[in-house]
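K.L.:
Got a predicted structure here, sequence first:
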Amino acid sequence: MSTLDLFGSPEPGQAENNANPAQARMLALRDLLHHHAHQYYVLDAPEIPDAEYDRLFQELQAIEVLHPEWLTPDSPTQRVGGRILDHFAPARHAVPMLSIRTETDTEASGAQSFDARVRKELGLGETDVVAYTAELKFDGLAINLRYEAGVLVQAATRGDGEVGEDVTQNIRTIGQIPLRLSPTTSHPVPEVLEVRGEVYMRRDDFEALNERQRSRIAAGEKGEKTFVNPRNAAAGAVRQLDPAIAAQRPLSFFAYGLGEVSPQAAEQLHISTHMAWLQAFKVWGFPVSEHAAVVHGATELIAYHQRIGAARDSLPFDIDGVVYKVNSLALQQQLGFVTREPRWAVAHKYPAQEQLTTVLDIDVQVGRTGKLTPVAKLAPVFVGGVTVTNATLHNEDEARRKDVRVGDTVIVRRAGDVIPEVVGVLADKRVASTAIFTMPATCPVCGSVAVREEGEADHRCSGGLFCSAQRKQAILHFAHRRAVEVEGLGEKLVDQLVDGGVINTLPDLYRLGLTALANLERMADKSAQNILLALEASKATTLPRFVFGLGIRHVGEATAKELARHFGTLDAIMAASVDELLLVQDVGPVVAQSIHTFFAQAHNREVVEQLRACGVHWDESTPGQAGPKPLAGKTFVITGTLPTLSRDEAKDMLEAAGAKVAGSVSKKTSYVLAGTEAGSKLDKAQELGVPVIDEAQMLHMLEVVP
């Protein structure tokens, strides 16, 4: 997608000289960059990611290099940032706050190129090694802090590099920034000291802030909004007119550079390197990133870039690259500056985590458990190191909150292995006729009713046994050892059966033949025969196991047992109304509605009947029928290996006798059933004085032993 495609053609007057396409493009780019700089620096409302701004800026630079006769003082390439706001007092920088060159080659060659340029400018050979300070490139707002006699007297934004905005009152609210510096014997504070650094917002603080903002919006408070990213939130806080509001925003600070300083201060402090200044900042009470390090030559620059890149997503704050600076102050002075940038420093970026693209469509995907997820289908865009064509919208509420529509220009974010997501929409680029997204009323895969339970954000397909998207999950759950139990039917085999089209529905399991199984990859005749025998054995089950195996949402083993005890037959469960289901012990409104909705689907009932027709059977009883309950009201915990019973068998026997089997020991535990190699649960029982029994004693309680 070209830039003109993305932002539209220049307005009349933007490119008056249409006789020369290159000059027309240059004028259009200048207008675009002025506009976006104003949105970012003045209004705190960025419309495009940094990576897109950098691309436009570099395109303009390339045209001006080819045609230097067109260069004018008002070009964005001739200044650092936008103009200051009228309502902040101007603050002129004693030493200009210049930006540094950006190396957009995110591979090793970016560091190699910088090292080669430095050595060339210094007249060094290929074997000469230069020492550099390598630091993180924080994603926040640059600030100049001026101290006189050790007291903070002014804090100013970068502004246009020459004049910034006086934001002292807001900066004073940041606890990490010292109001007064404490000298030491080795580090007396210069009479005049300007420390430069980055005001930023931690990711956890940003999420908490946005959560508070969402609550205020939901409460109907006027003028509130959520923020696109931590950088945007930090910039907005620093440039708040009301310091009381700024104080409510959780801001942090890192020091990384020097502005004006008293003459001979470096000599008096015996400072000859950039790293020594960073160490002095730490002595005076400024936070300095622990990731700052001195490295030597291109090889160590590359290693640093790779190491930080690998740790980038685990950092508690955002960065978009690293910064290399020649460590020696004498060599920095020798290298000097070119136009608006120092020759002795460069920012080496990582692949952008945010980019712009267009929403081509919004699909609704169905997961293995029936969850419906809206997914934006995107025009391909390179972000976070990969080409992205899909981004999750999570659920209907999130899609509505962000108001993502087909045709929108959106900001897409991908960090590390995180699933790409849409984080913002450029609403002013929207076509007026676009429709608001709504979730479908039925599953897009099988047509079953899509339900959203009260208190939940997600819609789900109610056709669990029938829906092909949930087929594998349904089969694996049905074959689980606590359901009907088909020994040997694992995930890999189910994948082969479903992906190969051997089975399409759950009852197809019981229609499998030896030939179909034996033809599967890595499936010998003996293994195939064992699966068939296991399937045959699984036909004889119990009603609770069968009901649990159906995979009805919210119906676990305990609920399945209560349903079987209360109704006695599967037909009675299937025919029960919501009110009748609510009469079952431990079944509440959500569970009752889930069971009723499941059996109201004709195709779910059809699958059940087909399973019965295939021979799956169990003993049924009259409603409420129950045998003796000698252990009713007792709670057991099982630990260790029992002599003759598996834990599941022991659990079934205890529950059949009316006991509850818990997973942890407490004062309410009646008995702990312990086998060999019992662990911490046995220790806990002994600590609390809970009676400990063995298998024989349990069987005696059940009156199984004469």
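P.N.:
Good, I have the coordinates. Numbers count the residues shown, from 1 in each chain.
K.L.:
ok, now how distant is the nearest residue to H270 once chain neighbours are set aside from E194?
P.N.:
Nearest non-adjacent residue to H270, counting by CB to CB, 6 or more residues apart in numbering: A276, 7.9 Å away. In short, each C-beta sits where N, CA and C put it, glycine included. Look at A276 and E194: by CB to CB, to the nearest Å, they are 17 Å apart.
K.L.:
cool, and P76?
P.N.:
Taking CB to CB, one finds P76 at 26 Å from E194.
K.L.:
who has more neighbours, A276 and E194?
P.N.:
Neighbour count, other CB atoms under 10 Å: between A276 and E194, E194 has more, with 21 against 16.
K.L.:
which ones are touching the residue nearest the centre of the chain?
P.N.:
With the centre of the chain defined as its mean C-alpha position, the nearest residue by CA atoms, centre = their mean is V418, 5.2 Å away. By CB atoms under 8 Å, 6 or more residues apart in numbering, V418 lies in contact with 313, 384.
K.L.:
Okay, it and L378: tell me how far apart.
P.N.:
Counting by CB to CB - V418 and L378 are separated by 16 Å.
K.L.:
what's near enough to touch P351?
P.N.:
106, 382-385.
K.L.:
Nearest to L642 among those?
P.N.:
The nearest member of the contacts of P351 to L642, counting by CB to CB, is G384 at 51.2 Å.
K.L.:
Mind telling me the two of the contacts of P351 farthest from one another?
P.N.:
Across the contacts of P351 (CB to CB), the longest gap, 12.2 Å, separates T106 and V383.
K.L.:
quick one, which of those two is more surrounded?
P.N.:
The neighbour count for T106 versus V383, taken as other CB under 10 Å, is higher for V383 (25 against 16).
K.L.:
Contact partners for that one?
P.N.:
Contacts of V383 (CB under 8 Å, 6+ apart): 351-355, 412-414, 420.
K.L.:
Just the ones of those in helices?
P.N.:
Of the contacts of V383, none are assigned to helices by DSSP state H.
K.L.:
okay, those in CSV with pLDDT and distance to Q601 next?
P.N.:
Listed next are these as CSV, based on pLDDT from 0 to 100; distance: CB to CB, whole Å:
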residue, pLDDT, distance to Q601
P351, 82, 46
A352, 80, 46
Q353, 84, 42
E354, 87, 42
Q355, 90, 42
V412, 92, 37
R413, 87, 38
R414, 86, 37
P420, 91, 34
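K.L.:
per-residue confidence for P76?
P.N.:
pLDDT recorded at P76 is 81.
K.L.:
I misspoke; the intended subject was D5.
P.N.:
37.
K.L.:
With V584 instead?
P.N.:
93.
K.L.:
got it, and A626?
P.N.:
Listed pLDDT for A626 reads 51.
K.L.:
what's the answer for the one 5 residues further on, then?
P.N.:
Here the pLDDT value assigned to L631 is 88.
K.L.:
three-state assignment of it?
P.N.:
Under DSSP: H, G, I helix; E, B strand; the rest coil, the three-state class of L631 is coil.
K.L.:
From the chain's centre, how far out is stretch 194-211? Work that out for me.
P.N.:
Relative to its parent chain, stretch 194-211 has a centroid offset of 18 Å by CA atoms, centre = their mean, to the nearest Å.
K.L.:
The residue nearest to H270 - that's part of a helix, no?
P.N.:
Yes: assigned with three-state DSSP, A276 falls within a helix.
K.L.:
ok, now how distant is it from A613?
P.N.:
84 Å.
K.L.:
Next: H291.
P.N.:
Relative to A613, and taking CB to CB, H291 is found at 66 Å.
K.L.:
Pick out whichever of those two has more residues nearby.
P.N.:
H291 (16 against 10).
K.L.:
so that one makes contact with F138?
P.N.:
No: using CB atoms under 8 Å, H291 makes no contact with F138, being 10.4 Å away.
K.L.:
can you give me the strands for the stretch 101-250 of the chain?
P.N.:
Ranges of strands in the stretch 101-250 of the chain, per DSSP state E, counting those that start in this stretch, are 101-103, 131-138, 141-148, 151-157, 163-165, 192-200.
K.L.:
can you give me the strands for the stretch 501-650 of the chain?
P.N.:
635-639.
K.L.:
For it, give me the ranges with low pLDDT.
P.N.:
Scanning the stretch 501-650 of the chain for pLDDT under 70 picks out the ranges 621-628.
K.L.:
Show me what counts as buried in stretch 111-122.
P.N.:
Neighbour counts over stretch 111-122 (16 or more other CB atoms under 10 Å) mark 111-112, 114-115, 118-119, 121-122 as buried.
K.L.:
likewise stretch 672-686?
P.N.:
So stretch 672-686, judged by 16+ other CB under 10 Å, has buried residues 672-675, 678, 681-682, 684-685.
K.L.:
measure T357 to A149 for me?
P.N.:
Applying CB to CB, the value for T357 to A149 is 53 Å.
K.L.:
got it, and H36?
P.N.:
Applying CB to CB, the value for H36 to A149 is 41 Å.
K.L.:
These two: which is more packed in?
P.N.:
For H36 and A149, the more surrounded residue by other CB under 10 Å is H36, and the numbers stand at 20 against 12.
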